[in-house]
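> Dropping the sequence and predicted coords here.
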Amino acid sequence: METIRSLPNDASKLAFEVVEWNTTGHYPDHYADIAAAIRDKDDLFALVQTNSIGFRLAIGAIGIPGLEQKTSTGWTYKDLVAHAAAWEDRTATRLRNFRESGTAKTYPGVDDTDDFNAAVVERTRGRDAREIIRELDAAHDRILGEIRKLTPEQIHENDDWVVAVVAGNTYGHYAEHFDEVFAAVPKRPADLLEKMREGWRPFRRGVGRLGLSALSGTTPAGWTYKAMLGHVSNWMEKIREEMPTRLQGRRREHPPDVDAQNAREAELAASRSAHDVVHRLDAAYKEVVDLVAALPADRDIHFMAIRLIAGETYAHFLEHGVELEPAVPHTVMQVLARFDELWRPFRAAIRERGRSGLADMTSAGWRYRDLVAHASAWMDQGARELRTGDIQSWNAETIQAANDRAVRAHELVGPEALLDELDTTQRRIREEIARLTDDRLLDPKVYGVVAFYTYLHWEEHFAELGIPL
């Protein structure tokens, strides 16, 4: 191309002929070779899917916040993803029309490319990057579905039109944007850790807001939340074993059976407690953090290792985070329903112990009366923060100090008065929650007071009270 650009307009005819002989005149000589390499739908499917894996994992490795950044060509990575999704979706439509009508002339060709791309960028502006990722995956599934329906004859009709249009808008398209995409992929341990934390925070917050009792419920994907979290934990636990091979740029010769592993986790989840499931999730994530942090800080990580970590941590969190959303209370009415639902077993378990039973020891090593005082104190604190708007910040040290104060302050309080206070503080914070608007509940600090000072807190003590989770 550089040579052609340097040719003067009055260059000899032979110069132009030499170029043509070795480019546009040469390419047709090998059309038959390319056609012979792609014999049927299985060959074409394999080409598309094999090349899409690296592209898709690289997009995932950039992370959701990173998709809002500018690429070297001036648009955002989110625009790039939307662009790839739009062309795959458009191609799927063209394949369907071609298959059903027998003609490739569904669109005017490449004349509208600039307008089409501009419309995609305009449509993408202001949208959530997660939604764009889902569009890319849906479009890819759609084009794969259309390829599966093609006959060998259709693939090679019209001078291999199907091969050309699929190649140009899938694996050939991925190659076109290779440099742009990989420029944003994390390469050093510190960069990878940052991406991991960006993905972990919203996922773990969603798990926390869902609570323990809801983990036995069914996700939109059809398994339980315990099974889904066990699945996520299991694949993070596999990273340590796989990592040495990936750092060398290779994969293990005998990778684990994905379907069998997933089925095993779904089966085992039924017998695991919600506490154990969440503890395992946190431990698995911490192990990966420690593993990455131990890598040489000044050395690039091979992409095979990056794609493993990204695929089993923050890209995986994104994939399953959408399953958490429907079960998490989002409105004041939904929060109050969850509040009432979990208050009933909590209060009933305390009632069953009777006033004399409050002096007995719990499995955690304190008395039931201390647990009641502790729960009352946090509900009272929550009601005060919601009423005044003065939301406090807490750390492990200040939380422990507040817990100790609550127990000491109620040391001489009789059982009758202690239970009255529990019921009074419960009514008080419920009234404060009912006064909130849905918009104010969206504030993460307010939501934290509402949920973590009440029903999510009570769940933490269900095991001590003999309530199964």
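Cool, got the structure. Numbering: from 1, shown residues only.

> middle-most residue in this structure, spatially?
The centroid of the chain falls nearest to L318 when counting by CA atoms, centre = their mean (0.5 Å).

> buried sites along the helix or strand where that residue lies?
Per DSSP states H and E, L318 falls inside helix 314-324. Judged by neighbour count (16 or more other CB atoms under 10 Å), helix 314-324 contains these buried residues: 314-321, 323-324. Where you see a C-beta, it was placed from the backbone N, CA and C, and this is true even at glycine.

> how about T218, phi and psi?
Main-chain dihedrals, T218, degrees, to the nearest 10: phi -100, psi 130.

> still on that earlier bit, now the helix or strand just after the helix holding L318: buried residues?
Next helix or strand after helix 314-324 toward the C-terminus (DSSP H and E): helix 332-357. Buried positions in helix 332-357, judged by neighbour count with 16+ other CB under 10 Å: 332, 335-336, 338-339, 342, 345-347, 349-350, 353.

> Least confident of those?
Among the buried residues of helix 332-357, R353 carries the weakest pLDDT, at 91.

> Distance check, it against S52.
59 Å (CB to CB, to the nearest Å).

> same check, this time on A183
Taking CB to CB, one finds A183 at 19 Å from S52.

> neighbour-wise, which of these two wins?
A count of neighbours by other CB atoms under 10 Å puts S52 above the other of A183 and S52, at 20 against 12.

> tell me the domain ranges of this protein?
Per automatic domain parsing, the domain ranges recorded for the chain read 1-35, 38-183, 189-326, 332-460.

> Make JSON lines out of those domains and add distance to P468.
Below are these laid out as JSON lines (distance: least, CB to CB, whole Å):
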{"stretch": "domain 1-35", "distance to P468": "62"}
{"stretch": "domain 38-183", "distance to P468": "34"}
{"stretch": "domain 189-326", "distance to P468": "8"}
{"stretch": "domain 332-460", "distance to P468": "10"}
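
> of all those domains, which lies closest to I467?
If you check each of the domains of the chain against I467 by CB to CB, domain 332-460 wins as the nearest, at 5.3 Å.

> who touches S216 in this structure?
224-226, 274, 469 (CB atoms under 8 Å, 6 or more residues apart in numbering).

> In this structure, where is pLDDT below threshold?
31-32, 102-111 (pLDDT under 70).

> Try it again at 50.
Counting by pLDDT under 50, the chain shows low-confidence ranges at 107-108.

> quick one on the thing from earlier: just the buried residues of helix 332-357 now: which is nearest R384?
Distances from R384 to these, taken by CB to CB, are shortest for F339, at 17.4 Å.

> Once you drop chain neighbours, what's closest to that closest one?
Leaving aside its sequence neighbours, F339 sits nearest to Y455 (CB to CB, 6 or more residues apart in numbering; 5.1 Å).

> What is the burial count for the one you found?
The tally of other residues near Y455 (other CB under 10 Å) stands at 21.

> rewinding a little: with the buried residues of helix 332-357 in mind, which one is nearest to R250?
For the buried residues of helix 332-357, the nearest to R250 is R338 (47.9 Å; CB to CB).

> if I pick K445, what's in contact with it?
Listed by CB under 8 Å, 6+ apart, the contact partners of K445 are I391.

> Okay, and it sits in which element?
According to DSSP H and E, K445 maps onto helix 444-452.

> now that helix, how far from the chain's geometric center?
Averaging C-alpha positions (CA atoms, centre = their mean, to the nearest Å) puts helix 444-452 23 Å from its chain's average.

> How about stretch 246-260?
Computed by CA atoms, centre = their mean, the chain-centroid distance of stretch 246-260 equals 22 Å.

> what about it, how long is it end to end?
22 Å (CA to CA, to the nearest Å).

> Name the residues of it that come out as buried.
Applying 16+ other CB under 10 Å to stretch 246-260 flags 246-247 as buried.

> still on that earlier bit, my guess is the residue nearest to F339 contacts R338. True?
Yes. Between Y455 and R338 there is a contact under CB atoms under 8 Å: 5.5 Å.

> quick one: common contacting residues for the two?
Any residue near both Y455 and R338 by CB under 8 Å, 6+ apart counts here, and that gives G211.

> related to what we said a few turns ago, right, and the helix or strand after the helix holding K445?
Next along from helix 444-452, by DSSP H and E: helix 455-460.

> What residues sit buried inside that following helix?
455-459.

> now it, how far from the chain's geometric center?
Worked out by CA atoms, centre = their mean, helix 455-460 lies 26 Å from the chain centre.

> who's in contact with it?
Residues outside helix 455-460 that contact it (CB under 8 Å, 6+ apart) are 208-209, 211-213, 338-339, 341-343, 346, 375, 378, 469.

> Perfect, I'm done here.
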